[in-house]
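S.K.: Just need the structure, nothing else, for what follows:
(one chain, ligands or ions: 1)
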Amino acid sequence: MIKGSQLYEGKAKKVFATDEEELLIVSYKDDATAFNGLKKGTIVGKGIINNKMSNALMRLLEKSGVPTHYVKELSDRETLVKKVRIVPLEVIIRNISAGSFAKRYGVEEGIVFASPTIEFSYKNDDLGDPLINDYHAFALNLVTPKELDIIKEYSFKINEILKSFWKSCGVTLVDFKLEFGRLSNGDIVLADEISPDTCRLWDSETGKKLDKDRFRRDLGGVEDAYQEIMARLESKLEVSK
Ligand code: 5GP
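M.R.: Numbering: from 1, shown residues only. Below is the predicted model of the structure:
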């Protein structure tokens, strides 16, 4: 596999071409941003943790029948993935009230929902990723009704798999964000990453936040929290050293 030129640099990752048309290399950075890039910082070692955690969770999902873009971990920070055309929607699943949900509806954090919720944001930095409903997403040709049905089905399935996995680690999966892409044949697969950057993960006993909210909210102990959540995952799942 030959690494080609850089195609894109995002807030947390870079993407490179390879000598194979259908494959890309993603490289995870330690850069952290929040509030649509207004807050910037570095979380030392985050890129390595997010790469290895996301890959371990994608392997778990693949085993359970959820197709993903994951192909192979290449190094501490780099992973080979299938090239996709990203569906420009952020899919957010919530099990417990927190973050923008708690703020929008004026409720406290920590309310356990009887069943999980799903919502979508239009991936558009200039607009600040506004909430969008199914009909508006169809009107804007962001996704087809058939694709959105598949995305919803996969998202709830991913929630069940991850919720039960994290429970076995003594961690509560509060909410998370997913992104999906289309392969060249049109098939929908899970893309982007699943990491403490994209999930709220609370210690089941103490409620301690073990995710990016420590950075967003200046809670301190950010690096320690990333290491702690990775150690919890490693106690249950195979991770490359
Ligand atoms: P909220 O809408 O409450 O801010 O976020 C809900 C969940 O989705 C949280 O787990 C959060 O980490 C994730 N999330 C939402 N939007 C983004 C985003 O733009 N970037 C990242 N990394 N995570 C997001």
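S.K.: Run a quick neighbour tally on residue 185.
M.R.: Residue 185 sits with 5 neighbouring residues when counted by other Cβ atoms under 10 Å. Yep, even glycine has a C-beta here, placed from its N, CA and C like the rest.
S.K.: Then it would be within a strand, right?
M.R.: No: judged by DSSP: H, G, I helix; E, B strand; the rest coil, residue 185 forms no part of a strand; its state is coil.
S.K.: List the contacts of the one residue in the chain that gets nearest to the ligand.
M.R.: Proximity to the ligand, evaluated over the chain using Cβ to the nearest ligand atom, is greatest for residue 99 at 2.2 Å. The neighbours of residue 99, taking Cβ atoms under 8 Å, 6 or more residues apart in numbering as the test, are 109, 175, 200, 213.
S.K.: which non-adjacent residue is nearest the spatially most central residue of the chain?
M.R.: The C-alpha lying nearest the average C-alpha coordinate of the chain belongs to residue 194 (Cα atoms, centre = their mean; 3.3 Å). Across the structure, with Cβ to Cβ, 6 or more residues apart in numbering as the measure, the residue nearest residue 194 apart from its sequence neighbours is residue 57 (4.6 Å).
S.K.: So what touches the one helix or strand the one you found maps to?
M.R.: Here residue 57 is covered by helix 46-63, with elements defined by DSSP states H and E. The set of residues external to helix 46-63 that reach it, using Cβ under 8 Å, 6+ apart, is 12, 27-30, 32, 68-70, 73, 76-79, 158, 161-162, 165, 190, 193-197, 223, 226-227, 229-230, 233, 237-240.
S.K.: coming back round to it: which of the contacts of residue 99 has the most neighbours?
M.R.: Neighbours here mean other Cβ under 10 Å. Within the contacts of residue 99, the largest count is held by residue 175, at 24 neighbours.
S.K.: Which element, helix or strand, includes that residue?
M.R.: Secondary structure assignment for residue 175, by DSSP H and E: strand 171-182.
S.K.: does any bit of the next helix or strand after that strand sit next to the ligand?
M.R.: Past strand 171-182, heading to the C-terminal end, the next element that is a helix or strand (DSSP H and E) is strand 188-191. No: for a cut-off given as Cβ under 6 Å from any ligand atom, strand 188-191 has no contacts with the ligand; the smallest distance is 13.4 Å.
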